[in-house]
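K.L.:
missing the sequence, but the structure's below:
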């Protein structure tokens, strides 16, 4: 394991620890029920703009949001991975016919 891998592993462990600390603090403070936060934001924005709130064209339930965001994240990862060499100009030397 080289220095970069050790640093990346340590950074991931630290970030996971921070997330767990915030999760524990949130549950310890009693923030268990956060349902309806989207509705609160919509109503607040509508009041600020002096307009009536309306529903969107297509609404997802909680599991639908998880699947939707995961799908978009995976598709974005594949897209960035596909155009990485084109964008940043890095070319791999593996598999190139350099016979010696």
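P.N.:
Received, thanks. Since we're looking at a predicted model, the values are computed, not measured.
K.L.:
Can you pull up the most central residue in this structure?
P.N.:
Centroid-nearest residue in the chain: residue 73, 6.8 Å away (criterion: Cα atoms, centre = their mean).
K.L.:
before we move on, what SS does that one have?
P.N.:
helix (DSSP: H, G, I helix; E, B strand; the rest coil).
K.L.:
Tell me how far it lies from residue 80.
P.N.:
According to Cβ to Cβ, to the nearest Å, residue 73 stands 11 Å off from residue 80. For glycine as for every other residue, the C-beta is placed from the backbone atoms N, C-alpha and C.
K.L.:
any idea which helix or strand carries the closest residue to residue 60 other than its chain neighbours?
P.N.:
Nearest residue to residue 60, sequence neighbours excluded (Cβ to Cβ, 6 or more residues apart in numbering): residue 68, at 6.0 Å. Take DSSP states H and E as the rule and residue 68 turns out to sit in helix 62-88.
K.L.:
what angle sits between the lowest-mean-pLDDT helix or strand in the chain and helix 62-88?
P.N.:
When each helix and strand of the chain is scored by mean pLDDT, DSSP states H and E, helix 37-48 comes last, with a mean of 77. If you take axes from the mean of the first three to the mean of the last three Cα atoms, to 10 degrees, helix 37-48 sits at 80 degrees to helix 62-88.
K.L.:
picking up where we left off before, which neighbours do residue 73 and residue 80 share?
P.N.:
Residues touching both residue 73 and residue 80 (Cβ atoms under 8 Å, 6 or more residues apart in numbering): none.
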